[in-house]
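S.K.: Curious how this folds, go ahead:
(one chain, ligands or ions: 1)
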Amino acid sequence: METLEATQAVMASADTPTLRDIVLVGGGHSHVGVLKSFGMRPMPGVRLTVVCTDTHTPYSGMLPGYVAGHYDHDQVHIDLRRLAMFAGARFYRDEVMGLDRVGRKVLCRDRPPVPYDLLSINIGSTPQLLDVQGAPEHAIAVKPIARFNDRWLALLHRIQQQPGPTTVAVVGAGAGGVELLLAMQYRLRQELQRLGRNPEDVRFHLFSDSARILPTHNNGVQKRFEQVLAQRQVQVHRNAAVTQLMPGRLQTATGQVLDVDETIWVTRAGGAAWLQRTGLALDRAGFIQVNDHLQTLTDPCVFAAGDVASMVNHPLEKAGVFAVRQGEPLADNLRRSLQGRPLRPYRPQRRWLALISTGDRHAVASRGAIGFAGAWVWRWKDWIDRGFMRKFAHFPPMTPPGPMPEQALTLNADESLQALSAMAMRCGGCGAKVGTTVLSRALAMLHPLERDDVVIGLKDPDDAAVVRIPPGKASVHTVDFFRAFIDDPYLFGKVAANHALGDIWAMGAQAQSATAIATVPPGLENKVEDTLFQMMSGALEVLNEAQCALVGGHTGEGKELALGFAVNGLIDDTPQTVLRKGGMRPGDLLILTKPIGTGTLFAAHARLAAKGRWIDAALASMVLSNQRAAQCLRNFGATSCTDLTGFGLLGHLVEMTRPSGVDAEIDLAALPLLDGALECVGAGITSSLQNANVRLRRALRNLDTCAAHPRYPLIFDPQTAGGLLASVPPDRAQACTDELQRQGYSHATIIGRVLAPTDALEPITLRG
Ligand SMILES: Cc1cc2nc3c(=O)[nH]c(=O)nc-3n(C[C@H](O)[C@H](O)[C@H](O)COP(=O)(O)OP(=O)(O)OC[C@H]3O[C@@H](n4cnc5c(N)ncnc54)[C@H](O)[C@@H]3O)c2cc1C
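M.R.: Residues are numbered from 1 along each chain as shown. Predicted coordinates for the structure are as follows:
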């Protein structure tokens, strides 16, 4: 194949496979704008991936209002998972630790490197605590805001619980520090008043390393805030740089020592430490130097915006307003860069309006030499802020990207050929095998576990794998296969492997070997290879942890990403060691080890109706292995066991009662539910498998009385990588549940009991 670099355009259309990857590092104010822009105007052939530590990213303008208690958490946070879903982007919740700019990969804390064609960084600023002795241990930094929020809620709780005076020091007297202080003070005073305590019990000190407060604002604005601080009995320490923090006290450069209960750090920040190792040109504070196109001075493939960017031609104050404004030019330049079109310069405004609140639904406006204040300024600010947030809470209906003939991506000759062939395959639905080079390159980077009983496996592949069954053991076989329900191949691989292993654990067996079957959408070879690598990396982590050797597999190209495993396990070759579905005995109690609700939650996610944190929690539950739970259930004498999957709780329970010849009762109120599951079924959102499962309602004895219960639909909800459902003798069930919880199955609970069979046709009774 021709390898000569030739710039050739491939027309992008709805059927275009992924040709280019834009990776957005951080979900700051600029990147939310980029995501919205691509959601409104998708660029066929271009895939966006956001890597961010937070699923819910804070909007800085409303943060003081949140601290003051005027807004709740969701009002001041943008749900990145939902926004990414709207934008057709992949959302990876992770922390970026570095870049491999030669290999064009983003290095993350908890997942394989993420490749990019274009990269953009919008990670905000990082408080520089390390320069001050004791600060990392004893100060609460305002960033990252998620951590600040946890510490703030803990402080709030402590002050509510602990009578007596509390002293809070705020270090940093810029607009952020002053605004935050006034917001905290307002909220704490309100809380103390509500509890019938003296609001003056909390005393505030503000430390400034210069003679002035709000040094970047005009005299009038500074005076106004000095008055407010004086009225509110805040002690302001000028020319008092804090140089050391010790438990319960701080010290300034002038030698002043103050006893403090809490120190909040809101001083000028710098760039994140990992940026130093990227080789990108940084300014003295460690921020990335960018030109007027928001492109780094060092690398045309890397852009930066918001606080982390230092515009060399237009030095800017670190303010969310600039990060917001840069969103649109950044999106435009990312598009242009992929199309080989000239980039457009962004010229920031010279003067900007700051609306700084005083905690109590009043605010001060500051612009250049102008300043004014009042309750109406706060209402104005509130109106602007809510308007901004509405853009990220309500989305127009999603429409698939149509053909955009005027758009063309620059590809070299080889890539163009690959793209054309991938398009042809896509249209044909295709079931072709993935090319051997792609497959072998992807597999070469993986490290499957090696076992002595694997005679022929991936290390020395042949037509088939050969695995020895040790004497006295029987072989347990199971297979599972499903389409990706989330646009994250690594996590999907983990869930798919965990799901497949569930049957092995439920039988009381040990996993031995697995063969994989995968389909990957066609595309550029390097994209197919990476998808396969990411997916199998996730799967292998789970298989290796389970001591299960991957011994072979088959990979084909298909329209959708899908993965399944045939897993073999080993069990003692005596019938009583097998934990079957049919062993239930009347009187046993039913234990469920994980919460239910994955079906409705992912259906809601697809419709942009689920909160990001609900999906985070559902994914965490799906990757939790059932292995230890199965062992624990056996230790406590479980009489039968199954894993919850596609048939839902009721379907799997009936699969147990029938062969056991018993009836059972479920307590709806006791069912452990995933966060948000009830809201989603309450909104009428269910999985496409729900209707088939609902047919089994004929197994319910008291359908008339229970069908209106809000939790009723969830007994039909199909589960992916669900928990184990087991019957355990009544005298051991509570101890078993306690032990399961100790082992990390925090939702494990007794959900009902096994009853003696009756003449009734329906075996299951629900209690509300
Ligand atoms: C108390 C306070 C009040 C403020 N009020 C205002 C105001 O009213 N108006 C105003 O204009 N400015 C205000 N500011 C300044 C404002 O907060 C910042 O300028 C603004 O947040 C910068 O936005 P950003 O998009 O650059 O980054 P951020 O808003 O900080 O967003 C960065 C994102 O990147 C993520 N991230 C960080 N590191 C990583 C990593 N390694 N890997 C993956 N993800 C990562 C974070 O989780 C976060 O989601 C205030 C600041 C403070 C402290």
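
S.K.: Span of stretch 755-768 from start to end?
M.R.: 17 Å (CA to CA, to the nearest Å).

S.K.: Outside of that stretch itself, list whatever touches it.
M.R.: Contact with stretch 755-768 is made by 586, 650, 653-654, 657-658, 661-669, 698-702, 705-706, 709, 712, 715, 752, as judged by CB atoms under 8 Å, 6 or more residues apart in numbering. Quick note: C-beta positions are derived from backbone N, CA and C, even for glycine.

S.K.: what does stretch 123-132 give?
M.R.: 25-26, 28, 96, 135-136, 139, 141-144, 242-245, 265-273, 287, 306-308, 318, 323.

S.K.: which of these are buried?
M.R.: Taking 16 or more other CB atoms under 10 Å as the criterion, what is buried in these is 25-26, 28, 96, 135, 139, 141-144, 242-243, 245, 265-267, 269-272, 287, 306-308, 318, 323.

S.K.: check contacts around the residue nearest to the spatial centre of the chain.
M.R.: Taking CA atoms, centre = their mean, the centroid of the chain lies closest to residue 93, which sits 3.7 Å from it. For residue 93, the contacting residues are 52-55, 81, 616, by CB under 8 Å, 6+ apart.

S.K.: hmm, try it at 6 Å
M.R.: Taking CB atoms under 6 Å, 6 or more residues apart in numbering, we find residue 93 in contact with residue 55.

S.K.: Can you give me the distance of it to residue 32?
M.R.: Distance, residue 93 to residue 32, by CB to CB, to the nearest Å: 15 Å.

S.K.: Please enumerate the strands of the stretch 251-400 of the chain.
M.R.: Secondary structure of the stretch 251-400 of the chain (DSSP state E, counting those that start in this stretch): strands located at 257-259, 262-265, 269-270, 288-290, 302-304, 309-311, 354-357, 363-367, 370-374.

S.K.: my bad, should have said the stretch 551-700 of the chain
M.R.: In the stretch 551-700 of the chain, the segments counted as strands under DSSP E, counting those that start in this stretch are 562-572, 589-592, 640-643, 663-667.

S.K.: Where do the helices of the stretch 551-700 of the chain begin and end?
M.R.: Listed in chain order, the helices of the stretch 551-700 of the chain (DSSP state H, counting those that start in this stretch) span 598-606, 612-622, 627-635, 648-660, 677-682, 690-694.

S.K.: list the buried ones in the last one?
M.R.: For helix 690-694, burial by neighbour count (16+ other CB under 10 Å) applies to 690, 693-694.

S.K.: Can I get those residues in a markdown table including pLDDT?
M.R.: Formatted as a markdown table, these follow (pLDDT from 0 to 100):
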| residue | pLDDT |
| --- | --- |
| 690 | 95 |
| 693 | 96 |
| 694 | 96 |
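
S.K.: Which residues of the stretch 301-450 of the chain lie near the ligand?
M.R.: 306-308, 318-321, 323 (CB under 6 Å from any ligand atom).

S.K.: Which of these sits closest to residue 169?
M.R.: For these, the minimum distance to residue 169 (CB to CB) is 22.0 Å, reached by residue 318.

S.K.: Show me the shaky parts of the stretch 1-150 of the chain.
M.R.: Applying pLDDT under 70 to the stretch 1-150 of the chain picks out residues 1-15.

S.K.: Drop anything exposed from the contacts of stretch 755-768.
M.R.: For those, a burial check counting by 16+ other CB under 10 Å picks out 650, 653-654, 657, 662-668, 699-701, 706, 712, 715, 752.

S.K.: Now do residue 95 against residue 758, distance only.
M.R.: Residue 95 is 56 Å from residue 758, where distance means CB to CB.

S.K.: Which one's more surrounded, the two?
M.R.: A side-by-side neighbour count of residue 95 and residue 758, using other CB atoms under 10 Å, places residue 95 first with 17 against 12.

S.K.: ok, that one touching residue 53?
M.R.: Yes - taking contacts as CB atoms under 6 Å, residue 95 lies within contact range of residue 53: 4.7 Å.

S.K.: coming back round to it: return the subset of the buried ones among the contacts of stretch 123-132 lying in helices.
M.R.: 135, 323 (DSSP state H).

S.K.: can you count the residues close to the residue in the stretch 601-750 of the chain positioned nearest to the ligand?
M.R.: The minimum distance from the stretch 601-750 of the chain to the ligand, using CB to the nearest ligand atom, falls at residue 612 (11.9 Å). The number of residues packed near residue 612 is 23, by other CB under 10 Å.

S.K.: and what of residue 697?
M.R.: 16.

S.K.: for residue 396, same thing?
M.R.: Using other CB under 10 Å, residue 396 is surrounded by 8 other residues.

S.K.: Quick one: name the residues of the stretch 1-150 of the chain near the ligand.
M.R.: Counting by CB under 6 Å from any ligand atom, the residues of the stretch 1-150 of the chain close to the ligand are 25-30, 51-54, 57, 60-61, 63-64, 95-96, 122-124, 142, 144.

S.K.: can you check the stretch 151-300 of the chain too?
M.R.: Residues of the stretch 151-300 of the chain lying near the ligand (CB under 6 Å from any ligand atom): 176, 179-180, 266, 272.

S.K.: repeat that for 5 Å
M.R.: For the stretch 151-300 of the chain, the residues in contact with the ligand (CB under 5 Å from any ligand atom) are 176, 180.

S.K.: which residue does the stretch 151-300 of the chain bring closest to the ligand?
M.R.: For the stretch 151-300 of the chain, the residue closest to the ligand is residue 176, as judged by CB to the nearest ligand atom, at 3.2 Å.

S.K.: Okay, and the beta partners of the closest residue to residue 353 other than its chain neighbours?
M.R.: Of all residues not flanking residue 353 in the chain, residue 367 sits nearest, at 4.5 Å (CB to CB, 6 or more residues apart in numbering). Beta-bridge partners recorded for residue 367 (DSSP bridges): residue 370.

S.K.: following the helix or strand hosting residue 177, which helix or strand shows up next?
M.R.: Using DSSP states H and E, residue 177 sits within helix 175-194. Per DSSP H and E, the first helix or strand lying C-terminal to helix 175-194 is strand 202-207.

S.K.: Need the pLDDT of residue 441.
M.R.: Predicted confidence (pLDDT) for residue 441: 79.

S.K.: count of neighbours near the closest residue to the ligand within the stretch 51-200 of the chain?
M.R.: Across the stretch 51-200 of the chain, no residue is closer to the ligand than residue 124, which sits at 2.2 Å (CB to the nearest ligand atom). Residue 124 is flanked by 23 other residues according to other CB under 10 Å.

S.K.: Could you do the one 10 residues further on as well?
M.R.: Close neighbours of residue 134, defined as other CB under 10 Å, add up to 18.

S.K.: Leaving out sequence neighbours, find the closest residue to it.
M.R.: Nearest non-adjacent residue to residue 134, counting by CB to CB, 6+ apart: residue 245, 3.5 Å away.

S.K.: host element of the residue nearest to residue 54 when sequence neighbours are not counted?
M.R.: Excluding its sequence neighbours, the residue lying closest to residue 54 (CB to CB, 6+ apart) is residue 146, at 5.1 Å. For residue 146, the host element (DSSP H and E) is helix 145-161.
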